[in-house]
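Colleague: next input, structure requested:
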Amino acid sequence: MRAYLSDRMGAALLMAPLLLFLVLAYAWPFLGVVKWSFTLPTPGLGQYEALLTDDLVQSVFIRTLRIAAVVTVVSVAAAYAITVVWVRGTPVQRVIAEFCILVPFWISVLTRAFGWVALLSNRGLINTWLQAIGFISEPLALVRNEFGVIVGMTHFLIPFAVFPLASSMRSLDDRVLLAARGLGSSRMRTFWSVFVPMTRSGIIGAALIVFVFSLGFFVTPAILGGGRSVMVAELIYLRIFQSPDWGLGAAISVVLVLFVGALMALLFRYVRPKQLI
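Modeller: The predicted structure follows:
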C-alpha cells in the first residue's frame, strides 16, 4: 500500500509542472476572456444575448457549422480511401500513399492557401487551362467563396483524419475478413458489411478531429474566402482587433471553446485513446 501511494505521489509530482504550465498558459488567459465577455462594454449578459439576436453572428455560426460539416464528410471519405491503400495496399502503393500523407506536413498552411489561390483564381491555372481548351468561356468562381474555403481546408485536414483511421484498420483481425470470404461474401460486400463497420470507431474519431479543427480555422478561410465567407475564428479576430467590440468577441470565443470541449468529451468517450495515435 505504501509503495502504491509512493508511486502515485511520484506520478503527481512529475505531472505538476505540466499542469502548472497548462493553467498559466491556457486556463488563466481563458478566464480573462470569460471576464471580458461579462464585463465589456458594460457588466451583464448583454454579449451573450447578442449571440442569440445578432443576425450577423448567427449567420457566421451557421456558415461555420455548414463548412465544417462538408469538410468533415469530404476529408474523412478521402482519408478513408487513402488509408485503405496505405494499410492494405502493395508495398509500392504504401510508399506512394505514405508520401502523399506526410509531404503536406512539411508545407505551411499559409503556403498551401496561396497555392490554392494560384490554382483556383480567375487567372489561375485551372481557369486558364479550361478556357484554353474551350471548355468554358468565362472564368469559374472557384475562390473567394465557400467552395474555395472547403477545398483548402479539406486539403489541409485529410492527413489528420488518416492516423485514427489507420490505427483502427491495423487493429482489425484479418481472420474475420477471411471468414467472410470463406462463407461466400464478395470483396465488395466484405468491405461494406465487415471492414467498414469494424473501423467505425476510427471513422468517428477522424470525423470529430476534423470537425473540431474546422471550427477554429482562420488562415485558410481568410485567404480563400476573401472576406466573403467569414467563419467564427475570423469573426473573433475582426471583433477583437478591428473593432472595439471586445466583449462580443470574447463571448464568441467562450461559446466556441465550450462547444469544442463538448466535442472532445464525445471523442474520448466513444473512441479509445490508442485509436487516435
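
Colleague: from now on I want contacts and neighbour counts done on CA atoms only, so please keep to that.
Modeller: Will do.

Colleague: and the longest helix that the chain contains, what does it pack onto?
Modeller: Ranked by residue count, the top helix of the chain under DSSP state H comes out as helix 55-88. In terms of contacts (3 or more Cα pairs under 8 Å, 6 or more residues apart in numbering; DSSP states H and E), helix 55-88 is packed against helix 46-53, helix 91-102, helix 146-170, helix 200-215, helix 232-241.

Colleague: so which of these gets nearest Trp192?
Modeller: With Cα to Cα, the closest approach to Trp192 among the helices and strands packed on helix 55-88 belongs to helix 200-215: 11.3 Å.

Colleague: right, and the helix or strand after that closest one?
Modeller: Proceeding N to C from helix 200-215, the next assigned helix or strand is helix 219-225, under DSSP states H and E.

Colleague: mind checking which of the helices and strands packed on helix 55-88 is nearest Leu224?
Modeller: Of the helices and strands packed on helix 55-88, nearest to Leu224 by Cα to Cα is helix 146-170, at 5.3 Å.

Colleague: buried ones in that closest one?
Modeller: Within helix 146-170, the residues scored as buried using 16 or more other Cα atoms under 10 Å are 146-169.

Colleague: likewise for stretch 91-107?
Modeller: 94, 97-98, 101, 104.

Colleague: now that stretch: mean pLDDT?
Modeller: What stretch 91-107 shows for mean pLDDT is 89.

Colleague: so this structure: which segments form each domain?
Modeller: Split into domains by automatic domain parsing, the chain comes to 1-39, 54-276.

Colleague: how far off centre is the first one?
Modeller: Using Cα atoms, centre = their mean, to the nearest Å, the mean C-alpha position of domain 1-39 is found 26 Å from that of the whole chain.

Colleague: buried residues of that domain, list them for me.
Modeller: Neighbour-count burial for domain 1-39, counted by 16+ other Cα under 10 Å, picks out 30, 33-34, 36-39.

Colleague: could you do stretch 179-196 as well?
Modeller: In terms of neighbour count (16+ other Cα under 10 Å), stretch 179-196 has its buried residues at 180, 185, 190, 195.

Colleague: if I look at the last one, what pLDDT would I see?
Modeller: Looking at Phe195, its pLDDT is 91.

Colleague: the third one too?
Modeller: Thr190 carries a pLDDT score of 88 in this model.

Colleague: residue contacts, it?
Modeller: Counting by Cα atoms under 8 Å, 6 or more residues apart in numbering, Thr190 touches 177, 180-181.

Colleague: let's see that with 10 Å instead.
Modeller: 176-181, 184, 196 (Cα atoms under 10 Å, 6 or more residues apart in numbering).

Colleague: among these, which are in helices?
Modeller: Per DSSP H, the contacts of Thr190 map to helices at 176-181, 196.

Colleague: return the closest of these with respect to Ala50.
Modeller: Closest approach to Ala50 among the ones in helices among the contacts of Thr190 (Cα to Cα): Val196, at 43.6 Å.
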